[in-house]
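Asks: Fold the following and give me the result.
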Amino acid sequence: MLLSINNVSKSYGSNLALNQFTSVLEPGIYALLGPNGSGKSTLMNILTDNLKADSGEITYTDEAGNAENILNMGVRFREKIGFMPQYPGLYPNFTVERFMWYMAALKGMKKEEAKKQIPAILAAVELDDVPKRKIGALSGGMKQRLTLAQAVLGDPEILILDEPTAGLDPKQRIAIRNYISKIAFNKIVLIATHVVPDIEFIARDIIMLKKGVIVDNAPPHELTKKIEGKVWNVPCAESDVQQMQDKFRVTNIARDEDTGEVLLRVLADELPTDRSKTVAPTLEDYYLYVFGEASSTS
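Replies: Reported below is the predicted structural model:
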């Protein structure tokens, strides 16, 4: 099973949102990272057939090796996709359970299969204790988990997830991250997120987008390796913090409990100060190294 995206471009007037995006996705988790306006949402909407590309081709290859342009597949391709939008349109007067049954009907699921899947999925996203509660009475985090639940309903081959852990507490984030990792074994999963740690250890590849162009595409460990020796812990006096921020790219500020000094995490190609020590880089460090502090993910 493959999803081949070849030279896909999309413009909004004079704004080129995607510029010849090319990637081949096979079963596993792929993370889509980039600042606001990088083209992440545009790509997801094209893949889910909510938006037409200006040019390029997307081909789906099944397990038998048969390849077909998704535009020619129509409903047959959409049936293979589970989509979790960032801003879903939910029905406030539906109960959680009724909404899941409604989505099962839209997906053409058999009643027996829906009856089996719905309780298991609600349990996995920790909503099995509120099946009769109306959606309008749910918290933001609960609505987020319900949106994920409807996406995985029907066991789709391709999952497109836009900010799947937004609004969740740390415990729920870990549970959802583990759940996605578990079900991704035989699926193509594409995740757009601003919570970099959520995908650092589960994504097989990170696709980094800037102004519609792929600026890097590799497994997380290969990306972080590129900035080895460029991430530093720098102790300094509290009075020097602003000066250090003006001079270097500071990604974190903490307090050294032993010395009482401020401990800065700094991205720099060269030794920032004589007392600086290199530390192991993270994917978030690499993101900031590529896009800069002014960039924010979405």
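Asks: List the contacts of the host helix or strand of Ile207.
Replies: Assessed by DSSP states H and E, Ile207 sits inside strand 205-210. By C-beta atoms under 8 Å, 6 or more residues apart in numbering, the residues outside strand 205-210 that reach it are 21, 23, 28, 30-35, 38-40, 43, 199, 214-220, 223, 283, 287, 290-291. (Glycine included, C-beta is placed from N, CA and C.)
Asks: got it, and stretch 157-164?
Replies: Against stretch 157-164 from outside (C-beta under 8 Å, 6+ apart): 1, 3, 40-41, 44, 47-48, 80-86, 144, 148, 151-152, 176, 180, 183-184, 186-194, 298.
Asks: From those, list the buried ones, please.
Replies: 1, 3, 40-41, 44, 47-48, 80-86, 144, 148, 151-152, 176, 180, 183-184, 187-194, 298 (16 or more other C-beta atoms under 10 Å).
Asks: how about Ala203, secondary structure?
Replies: Secondary structure, DSSP: H, G, I helix; E, B strand; the rest coil: Ala203 is coil.
Asks: what residues are up against Leu263?
Replies: Taking C-beta under 8 Å, 6+ apart as the test, what Leu263 contacts is Asn233, Val234, Pro235, Ile253, Ala254, Arg255, Asp256.
Asks: What is the most widely separated pair among those?
Replies: Val234 and Arg255 (13.4 Å; C-beta to C-beta).
Asks: Pull up the gap between Val152 and Thr273, please.
Replies: For Val152, the distance to Thr273 equals 49 Å [C-beta to C-beta, to the nearest Å].
Asks: again with Val195
Replies: From Val195 to Thr273 the distance is 31 Å (C-beta to C-beta).
Asks: before we move on, what about Ser11?
Replies: Between Ser11 and Thr273 the distance is 46 Å, computed by C-beta to C-beta.
Asks: Please, where are all the helices along the stretch 151-298 of the chain?
Replies: Assignment of helices within the stretch 151-298 of the chain using DSSP state H, counting those that start in this stretch yields the ranges 170-183, 197-200, 220-225, 241-247, 283-291.
Asks: Buried residues of the first one, list them for me.
Replies: What that stands for is helix 170-183. Those would be Gln172, Arg173, Ala175, Ile176, Arg177, Tyr179, Ile180, Ile183, for helix 170-183 by 16+ other C-beta under 10 Å.
Asks: Need the pLDDT of Met73.
Replies: With respect to pLDDT, Met73 scores 89.
Asks: Find the residue closest to it in space, skipping its chain neighbours.
Replies: Tyr60 (6.6 Å; C-beta to C-beta, 6 or more residues apart in numbering).
Asks: Next, count neighbours for the one you found.
Replies: Close neighbours of Tyr60, defined as other C-beta atoms under 10 Å, add up to 22.
Asks: Would you confirm that it belongs to a strand?
Replies: Yes. Assessed by three-state DSSP, Tyr60 belongs to a strand.
Asks: could you pull out the strands for the stretch 1-150 of the chain?
Replies: Here the stretch 1-150 of the chain has its strands, by DSSP state E, counting those that start in this stretch, at 2-12, 15-25, 28-33, 55-61, 67-69, 81-84.
Asks: how about the ones you listed in TSV, adding distance to Leu168 and mean pLDDT?
Replies: Converted to TSV, the strands of the stretch 1-150 of the chain look like this (distance: least, C-beta to C-beta, whole Å; pLDDT from 0 to 100):
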stretch	distance to Leu168	mean pLDDT
strand 2-12	27	96
strand 15-25	25	96
strand 28-33	17	95
strand 55-61	31	96
strand 67-69	37	92
strand 81-84	13	94
